[in-house]
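Trainee: With the input below, show me the fold.
(chains A, B, C and D)
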Number of protein chains: 4
Amino acid sequence: MLSTSITPRVSETDGAGHVNNAFVPVWFEAGRREIFRILTPSLAFAEWRVAMVSMRVDYTRQIFFHAEVEIRTWIERIGNKSFTVYEEAWQEGALCAKGTATYVYFDYRAQRAEALPEAERRALAAHLRER
Amino acid sequence: MLSTSITPRVSETDGAGHVNNAFVPVWFEAGRREIFRILTPSLAFAEWRVAMVSMRVDYTRQIFFHAEVEIRTWIERIGNKSFTVYEEAWQEGALCAKGTATYVYFDYRAQRAEALPEAERRALAAHLRER
Amino acid sequence: MLSTSITPRVSETDGAGHVNNAFVPVWFEAGRREIFRILTPSLAFAEWRVAMVSMRVDYTRQIFFHAEVEIRTWIERIGNKSFTVYEEAWQEGALCAKGTATYVYFDYRAQRAEALPEAERRALAAHLRER
Amino acid sequence: MLSTSITPRVSETDGAGHVNNAFVPVWFEAGRREIFRILTPSLAFAEWRVAMVSMRVDYTRQIFFHAEVEIRTWIERIGNKSFTVYEEAWQEGALCAKGTATYVYFDYRAQRAEALPEAERRALAAHLRER
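Mentor: From the prediction side, this is the model:
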């Protein structure tokens, strides 16, 4: 499991008084930094290798400005050309949101998905969620 | 169907050269403005009545900076205390993303979901998607 | 003068109940789209020609969610390698924010500022603010 | 001096390949969290006490996705009803941006600025930048 600490920002709250739901996908993306590094070790966009296919978030509890949030990130599934990340957002001991994101391993120059190389598959597998 | 025109912003693109996936939920939320107005006619946050339960987005095509995007918004389902919005993002004649968002009708003071009043249900129903 | 209409988004408000100050620079950048198009007619990032040098915003009135905002954009100064944009944000007949942004005409491959070509200078000059 | 570590997010980069200039004000606001806490110890928006008057940012170097950024935050000036924060963004040993933000001590219910109480002035003064 990868753990990322997020300090909520004023600009991420909304008029309803809590963190706006649209920032949870932003935080979940922040939680995937080491996953991105597996596929693009330089983190350089000229060598970027992932493209998002789908995303799902379930909101179970409001998130507030005053306390730290922990994003927990696992790999849930590794397919031939794609993989799915599972993530949770925790604040003050409570699960506030959980979700998945599916990416394809993408060649931006050729504009097509490609099979995940074996070394990358193994590196992703090290973060597989046990159930 | 509600239609909202979005002009992509430089700040909404990312290093991979297209609109970042995290801004599609932001645009879809922008597309729900008239839905929010049905439930909170003043659009004042002190009277805000919706809380997001879940969101799903499928990305079918990259979205680019240079052209307008149309967000199309329908009501997909009206439950007792909740409802689901279905949305699509179109750019240059192509469907680029589609997704759903489910909200509960929420009393922020009492911190609990409530049944959707009949007048609001009828107003939402005017935007139901025919299938 | 260029005029850009902005519909505030829920995600752009903050817990203090108004539009968060950090989104005014985002809206002002949105107002510069036709300025960017003068320098990069394709709006393609591979041919992007501006880099920001400085930005200043004065906030004169709170901006709220419920009403449209008009961004007014002028060119204030055209130098040899740089130019300054002056912008205002208006809501319900009141000036809410004003600011300037200075850009250099930049060659991202060579990583250096260059003199603004004559044709681009003339096109920018068409938007000069008269005082 | 207050120090805040920022890990750049994909969604904060733009098509030009670096961190978009509009996110520097967002990061600088993140750097002011402990300043906000002095004026609103609970960090609750119902008791929020600051309103932004003006902001200025000078961009001296591009900021990239791959490396951490340190935001350094000082108080530059304490007036009767207002105060000014001075901030810098550093990446890989280089100063990339610097700026100021001026806030008034604000009563949102009465909608007017008020004199900074003595205790708050002393707490702010502990972060004064020596020059």
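Trainee: Quick check: residues of chain A near chain D?
Mentor: Applying CB under 8 Å from any CB of the partner chain, we find that chain A lies next to chain D at A:4, A:7, A:9-11, A:13, A:17, A:26, A:29-30, A:33, A:36, A:42-46, A:65-66. Where C-beta positions appear, they are placed from N, C-alpha and C, glycine not excepted.
Trainee: wait, residue A:6 sits on residue A:67?
Mentor: No: shown here, residue A:6 and residue A:67 do not form a contact pair, counting by CB atoms under 8 Å, at 10.4 Å.
Trainee: out of those two, which sits in the busier spot?
Mentor: Counting neighbours by other CB atoms under 10 Å in any protein chain shown for residue A:6 and for residue A:67 shows that residue A:6 has the greater number, 22 against 12.
Trainee: all strands of chain A, in order?
Mentor: For chain A, the strands defined by DSSP state E cover A:2-6, A:50-59, A:69-78, A:82-91, A:94-107, A:112-113.
Trainee: quick one: the first one near chain B?
Mentor: What it means is strand A:2-6. No: judged by CB under 8 Å from any CB, strand A:2-6 and chain B are separated, with a smallest distance of 13.8 Å.
Trainee: just the angle between that strand and strand A:82-91, please?
Mentor: Angle between the axes of strand A:2-6 and strand A:82-91 is 50 degrees (criterion: axes from the mean of the first three to the mean of the last three CA atoms, to 10 degrees).
Trainee: For strand A:2-6, the averaged confidence score.
Mentor: Average pLDDT, strand A:2-6: 98.
Trainee: just stretch A:23-35 next, same as before
Mentor: Stretch A:23-35 comes out at a mean pLDDT of 98.
Trainee: any bit of it sitting next to chain C?
Mentor: Yes: contact of stretch A:23-35 with chain C (CB under 8 Å from any CB) involves residue A:23.
Trainee: what residues does that stretch touch?
Mentor: Contact with stretch A:23-35 is made by A:2, A:4, A:6, A:12, A:43, A:55, A:57, A:59, A:63, A:69, A:71-73, A:75, A:85, A:87, A:89, A:97, A:99, A:101, A:124, A:127, B:21-22, B:25, B:55, C:11, D:7, D:9-11, as judged by CB atoms under 8 Å, 6 or more residues apart in numbering or on different chains.
Trainee: Please spell out the PyMOL selection for the buried subset of those residues.
Mentor: In PyMOL syntax, the buried subset of the contacts of stretch A:23-35 is picked out as below (16 or more other CB atoms under 10 Å in any protein chain shown):
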select buried, (chain A and resi 2+4+6+12+43+55+57+59+63+69+71+72+73+75+85+87+89+97+99+101+124+127) or (chain B and resi 21+22+25+55) or (chain C and resi 11) or (chain D and resi 9+10+11)
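Trainee: Hmm, residue A:61 is touching residue A:93, no?
Mentor: No: the criterion here is CB under 8 Å, and residue A:61 misses it with residue A:93 at 10.7 Å.
Trainee: between those two, which one's more packed in?
Mentor: In this view residue A:61 and residue A:93 are compared by other CB under 10 Å, and residue A:61 has more residues nearby, 14 against 6.
Trainee: Got the confidence number for the more buried one?
Mentor: Reported pLDDT for residue A:61: 96.
Trainee: roughly how far apart are it and chain B?
Mentor: Remark: distance between residue A:61 and chain B (CB to the nearest CB, to the nearest Å) = 10 Å.
Trainee: next one: residue A:80
Mentor: When residue A:80 is compared with chain B (using CB to the nearest CB), they lie 19 Å apart.
Trainee: before we move on, what about residue A:83?
Mentor: Counting by CB to the nearest CB, the gap from residue A:83 to chain B is 15 Å.
Trainee: give the contact list for that residue.
Mentor: A:75, A:77, A:102-103, A:105, A:116, A:124.
Trainee: On the strand side of things, show who it bridges to.
Mentor: Counting by DSSP bridges, residue A:83 is bridged to residue A:78, residue A:103.
Trainee: For the residue of chain A most remote from its centre, which non-adjacent residue is spatially closest?
Mentor: Computed with CA atoms, centre = their mean, the maximum C-alpha offset from the centroid of chain A is found at residue A:15, amounting to 25.8 Å. For residue A:15, ignoring the flanking residues on the chain, the nearest one in space by CB to CB, 6 or more residues apart in numbering or on different chains is residue B:45 at 3.3 Å.
Trainee: Does the one you found touch residue C:16 like I think?
Mentor: No: counting by CB under 8 Å, residue C:16 is not a contact partner of residue B:45; they are 10.1 Å apart.
Trainee: Verify the stated contact: residue A:18 with residue A:67.
Mentor: No: using CB under 8 Å, residue A:18 is not in contact with residue A:67; the gap is 11.6 Å.
Trainee: Residues of chain A that sit close to chain B?
Mentor: A:14-17, A:21-22, A:25-26, A:29, A:45, A:48, A:51-59, A:62, A:108.
Trainee: what does stretch A:119-131 rub up against?
Mentor: The contact list for stretch A:119-131, computed with CB under 8 Å, 6+ apart, reads A:1-2, A:35, A:38-39, A:73-76, A:78, A:83, A:86, A:105, A:116.
Trainee: how about that stretch: buried residues?
Mentor: A:120-121, A:123-124, A:127.
Trainee: can you check stretch A:46-53 too?
Mentor: Quick answer for stretch A:46-53 (16+ other CB under 10 Å): A:48-53.
Trainee: Could you do stretch A:32-42 as well?
Mentor: Neighbour count says stretch A:32-42 has A:32-33, A:35-36, A:38-40 buried, by 16+ other CB under 10 Å.
Trainee: could you dump that stretch to PDB, C-alpha only?
Mentor: Taking Å, rounded to 0.1, in the frame of the first residue of the first chain, the C-alpha atoms of stretch A:32-42 are listed here in PDB:
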ATOM      1  CA  ARG A  32      -0.700   7.500  -7.800                       C
ATOM      2  CA  ARG A  33       2.600   9.300  -8.100                       C
ATOM      3  CA  GLU A  34       4.700   6.200  -7.400                       C
ATOM      4  CA  ILE A  35       2.500   4.200  -9.800                       C
ATOM      5  CA  PHE A  36       3.200   6.700 -12.500                       C
ATOM      6  CA  ARG A  37       6.900   6.500 -11.700                       C
ATOM      7  CA  ILE A  38       6.900   2.800 -12.300                       C
ATOM      8  CA  LEU A  39       5.700   3.400 -15.800                       C
ATOM      9  CA  THR A  40       7.600   6.600 -16.500                       C
ATOM     10  CA  PRO A  41      10.700   6.500 -14.200                       C
ATOM     11  CA  SER A  42      11.700  10.100 -15.100                       C
END
